[in-house]
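no sequence on hand, only this structure:
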């Protein structure tokens, strides 16, 4: 790929980017969130057309007018967010888009073919299983199968380890090495330095849409050098830089003496998921005031339901939820929020920010009912307050009237936090708060969470980033199949122990 | 009334119900196809009227009911293309576009059908075709095997469409487009093509449903003759949980309920023979749709909805949201 | 070379109005094409319609305003509901039930010699209550079970039609004809001398102002905006979405019910079959063409009211319906040009 340029409106996503992927090796593409890695690969996969520049395969220039062409030319992309149809079976998902068979699907033959292909790559799946029944790791296997089934010669893997537990990462790398020695050309997109050093042969670093280092052989760099490249020389010593350096550093200090009544207490809580299955089983949890309780776990083990049950968006089918000793299980969401609960939802775009409404309206979402009892909104006061918040929290907006859907991920998250913190919560439920954010924004969010805890607020931090949990949390509870498999204090929480709990392999109190 | 009388009444009701349910079945099958691809088509009522009118217009002109039927399909499919254009290419809101389609279809049918209202003349109809031997079976005979060719076609079409959707490649792609268009697109399946095709095919089937009303049941064309069947078909699509085979049962049920007020008049039952009760009996099909919808939703709340996941949402390649 | 789409930032109100106006013109042009295909002279038809609706002196303006009145009321109701993405497609049914309730008060339940103001107020309240309850039923089903309000409100239209017919042909029938007795003088709305224009028009304008104020200044209005834009966000910040769904549909139904009352006590003075040429359905188009803005609803209602008046002059009757459909299509399709910008792409 040479000289690729891509713009989204005012934003230059890619500026004269060149990247090479060679057969028989893993070429890593490194950069923080928002640097342009995914966009570049989308160009390769035919999903986004470049504004300028060319793509060459085997030395010949190609014009990728759509995903179909890319696939036909042997490019297979395994996306970070899976592109699977949950209600269809594994076989149907793999066959999707295939030019053969022409008319009749022939399920039995397809099933046999797939089982053989999977075995060939030391995977085992049930071709007739509907995808929604599969765990996240298995779904990734289906994605890889999709790509292999089409005989892809160039494999692009976008953040593949994001969904794996620490213990599953090494076997995954082994599988990668096997693929590569069979002749495939693999591109690994990631923001994790350790992975690059572990499995890649060359690394290209992107920063803000530009290449800052191209095709560096991996044995010539180390973590420090890579970190400097990603952030830019000046920032290495800054807050963002410190987040990169080696072992995670604890941001939060120990909470005040073991509290009286815990701020939040869940006792034998059960709840059902979207398909009627039991998502939370006999869950016990406690968070004290001023404490940050991290909740770790592989996605799909009840994290979403946990957050919803505490906030009130989902009813617990049994068990008790207590805030400062008061039973809130029957309370409406509004009542709970008024009582002092704040919520930073996992899905920022769907549940956090109302995209069509202005920034000011979004900031007013928790304040519009003050003072209580009246029927009107005081827009003058709300506007003034919004302006103050934008200033105080450093939310970059074009104007207060700008539709909130146009804000970048980081600014949107700052808005949500500003709104929730402003309500003066006693308990904040934060689900995946730094997902998709660039380093600077992520660091800012974490700092705010730490400050909140310092001020006495209890924080329930649900996150899939182990580093984040180790940095912020006083204790880490691991969710496995809707139950707390174990809770570790900060000093005993190592990635290995957490990884084992996440896989359900160790039970600890 | 004796036992035998009750049985005979029920059998008659079911037979007539299936006949009455045929237009509904066609429209529902069409809507299932469109919705499986992710596009809601609220204009069924207008499409059916257009089909009814077109069937009569071309049936009279050509002297053949089959030609009328084909014309109904083509006209309805062509008009549906506008809806597809608005929803798929122009990313319009599917609800409003569907409503607009309904208005357009109704208006066009009224304008173009003005000279044909009430004029039967030499209209060639679809008549009842009795299948030999099978028609003499005790209960199933009259119900299933003494129907018009159109009913047989509809009964065969339902499992055929199921087969096409579940076991063929185009069907797989169509379903994928309705469940996760981004994934389908990423794999090279043309969302645009499949949605256009589904909407036009579905619309065409609705037109056929309308023609089956004017060329078989009524016969002839009158403004507004569908009296809500198009809307009931939407409810039936949900009732059938987007499975063409289940639509047959629903069509039979609703057809029977619609027939009920007419058939009951012939009986001597005290409460029901009162002329006033006719109004309330006429309400039954519509109330039944509501009841069916509620029952369906309760089930969906417990076990998860069967609706195509991308139903009603426009698709833009590469757009976040 | 291919065309691509880039999302536009916020379209200015001027741009929105311009695009809408262009779309309306396009709709009329397409309508002309269809008319030509049907063998009707479009220019003559349009001219005749315009003359009858707007340019025939006080009489035509009065007729247009009379037709516009129920359109304004139902249109407001629809606009309010649509803002929350609640598709109250069955406004016609709520209108019918409102008319029924008003007729009940006027002819059957209250004595005829009541003071006029009191009688009319009771009729209005009864009509609004009937419409509100009817719509709230659909709202409750939606809030509790997620049942599509499109289908429920629509089915209820047919139920209301048969309900009204029962009373018209049965208990309230005058001499066996499908008509109720004419309303007493106390149950008729005031009219401008010699013209058909009645007090309902003023009432409609007042309601428009009320709805506008509600949306701009009240807390419920804010909740409507948020729920309409993103119901998930609304839930996450604690808004009582279920309660608001029922409330807004009830309000929508109340407005439609009021339209029914205004029709029977201002125009026909009795309840009869088919006294409404589908006002409730046309109102859907009014609301959408007005982009859900209460002030614009009044303007668009007058335009479409003129269309209804004008279509009396031309044959066949379906022209008005067809034009409405085309106008709606064009406006709906034009939204693309407001939300996105077309660009040319060099590569594929």
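The structure has been received and is ready for your questions. For clarity, every value in this text was computed on a predicted model and none was experimentally measured.

so the residue most central in space within chain C is in which element?
Against the mean C-alpha coordinate of chain C, by C-alpha atoms, centre = their mean, the closest residue is residue C:283 at 2.4 Å. Using DSSP states H and E, the element containing residue C:283 is helix C:279-289.

packing partners for that helix?
Here helix C:279-289 touches helix B:94-113, helix C:58-83, helix C:91-103, helix C:241-263, helix C:294-310, helix C:319-339, going by 3 or more C-beta pairs under 8 Å, 6 or more residues apart in numbering or on different chains; DSSP states H and E. To be clear about C-beta, it is placed using only N, CA and C from the backbone, and glycine gets the same treatment.

which residues does the residue of the stretch 151-300 of chain A found nearest chain C contact?
Residue of the stretch 151-300 of chain A nearest chain C, by C-beta to the nearest C-beta: residue A:274 (13.1 Å). Residue A:274 is in contact with residue B:304, counting by C-beta atoms under 8 Å, 6 or more residues apart in numbering or on different chains.

in the helix or strand hosting residue A:227, what counts as buried?
Residue A:227 is part of helix A:223-231, with elements assigned from DSSP H and E. Within helix A:223-231, the residues that qualify as buried by neighbour count (16 or more other C-beta atoms under 10 Å in any protein chain shown) are A:226, A:227, A:228, A:229, A:230, A:231.

helix, strand, or coil at the residue of the stretch 151-300 of chain A closest to chain C?
Assigned by DSSP: H, G, I helix; E, B strand; the rest coil, the conformation of residue A:274 is coil.

for stretch C:38-54, buried residues please.
Result for stretch C:38-54 [16+ other C-beta under 10 Å]: buried residues C:38, C:40, C:42, C:45, C:46, C:48, C:49, C:50, C:52, C:53, C:54.

now stretch A:396-404
Here stretch A:396-404 shows A:397, A:403, A:404 as buried, counting by 16+ other C-beta under 10 Å.

residue ranges of the strands in chain B, please?
In chain B, the strands defined using DSSP state E lie at B:128-130, B:146-148.

counting contacts, what elements does the first one pack onto?
Yep, that's strand B:128-130 we're talking about. strand B:146-148.

just flag the most distant two among the buried residues of stretch C:38-54.
C:38 and C:54 (24.5 Å; C-beta to C-beta).

low-confidence regions, the stretch 51-200 of chain C specifically.
Applying pLDDT under 70 to the stretch 51-200 of chain C picks out no residues at all.

would you mind listing what in it touches chain B?
With C-beta under 8 Å from any C-beta of the partner chain as the criterion, the stretch 51-200 of chain C meets chain B at residues C:87, C:89, C:141, C:145-148, C:150-152, C:154-156, C:158-159, C:162-163, C:165-166, C:169-170.

next, format the buried residues of stretch C:38-54 as TSV and append secondary structure.
Shown next, in TSV, are those (three-state DSSP):
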residue	secondary structure
C:38	coil
C:40	coil
C:42	helix
C:45	helix
C:46	helix
C:48	helix
C:49	helix
C:50	helix
C:52	helix
C:53	helix
C:54	coil
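
of those residues, which is the nearest to residue C:289?
Nearest member of those to residue C:289, counting by C-beta to C-beta, is residue C:53, at 16.3 Å.

residues near the closest residue to the closest one other than its chain neighbours, how many?
What sits nearest to residue C:53 in space, not counting adjacent residues and going by C-beta to C-beta, 6 or more residues apart in numbering or on different chains, is residue C:306, at 3.2 Å. Number of residues near residue C:306 (other C-beta atoms under 10 Å in any protein chain shown) recorded here: 23.

how close does residue C:306 sit to residue C:262?
In this view, residue C:306 and residue C:262 are 18 Å apart by C-beta to C-beta, to the nearest Å.

ok, residue A:317 next?
50 Å.

which stretches of the stretch 51-200 of chain A have low pLDDT?
In the stretch 51-200 of chain A (pLDDT under 70), no residue qualifies.

any of the residues of the stretch 51-200 of chain C next to chain B buried? List them.
Buried members of these, scored by 16+ other C-beta under 10 Å, are C:87, C:89, C:141, C:146-148, C:150-152, C:154-156, C:158-159, C:162-163, C:165-166, C:169.

take these and keep only those in helices.
If you go by DSSP state H, these have C:141, C:150-152, C:154-156, C:158-159, C:162-163, C:165-166, C:169 in helices.

need the pLDDT of whatever residue of the stretch 301-450 of chain A ends up closest to chain C.
In the stretch 301-450 of chain A, the residue that lies nearest chain C is residue A:334 (3.5 Å; C-beta to the nearest C-beta). With respect to pLDDT, residue A:334 has a value of 93.

flag every residue of the stretch 151-300 of chain B that's near chain A.
Counting by C-beta under 8 Å from any C-beta, the residues of the stretch 151-300 of chain B that sit close to chain A are B:167-170, B:172-173, B:175-176, B:179-180, B:182-189.

what sits up against the helix or strand residue A:114 falls within?
If you go by DSSP H and E, residue A:114 is part of helix A:107-120. With contact meaning C-beta under 8 Å, 6+ apart, helix A:107-120 is reached by A:90-91, A:94-95, A:101, A:124-125, A:127-128, A:141, A:145, A:148-149, B:167.

domains of the chain?
Looking at chain A here, since you left the chain open. A:2-244, A:264-353+A:407-502 (automatic domain parsing).

should've been chain C
Domain ranges of chain C: C:1-40+C:319-348, C:63-313, per automatic domain parsing.

please work out which of these is packed deepest.
For the domains of chain C, the largest average neighbour count (mean count of other C-beta atoms under 10 Å in any protein chain shown) is found in domain C:63-313, namely a mean of 22.

let me see the ranges of the helices in chain B.
Using DSSP H, helices in chain B cover B:3-36, B:44-62, B:65-84, B:94-113, B:140-145, B:149-167, B:169-179, B:181-186, B:191-212, B:229-239, B:244-265, B:270-273, B:277-303.

possible to save the ones you listed as JSON lines with distance to residue A:171?
As requested, those are exported to JSON lines (distance: least, C-beta to C-beta, whole Å):
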{"stretch": "helix B:3-36", "distance to residue A:171": "39"}
{"stretch": "helix B:44-62", "distance to residue A:171": "54"}
{"stretch": "helix B:65-84", "distance to residue A:171": "48"}
{"stretch": "helix B:94-113", "distance to residue A:171": "45"}
{"stretch": "helix B:140-145", "distance to residue A:171": "59"}
{"stretch": "helix B:149-167", "distance to residue A:171": "36"}
{"stretch": "helix B:169-179", "distance to residue A:171": "31"}
{"stretch": "helix B:181-186", "distance to residue A:171": "26"}
{"stretch": "helix B:191-212", "distance to residue A:171": "36"}
{"stretch": "helix B:229-239", "distance to residue A:171": "45"}
{"stretch": "helix B:244-265", "distance to residue A:171": "44"}
{"stretch": "helix B:270-273", "distance to residue A:171": "73"}
{"stretch": "helix B:277-303", "distance to residue A:171": "35"}
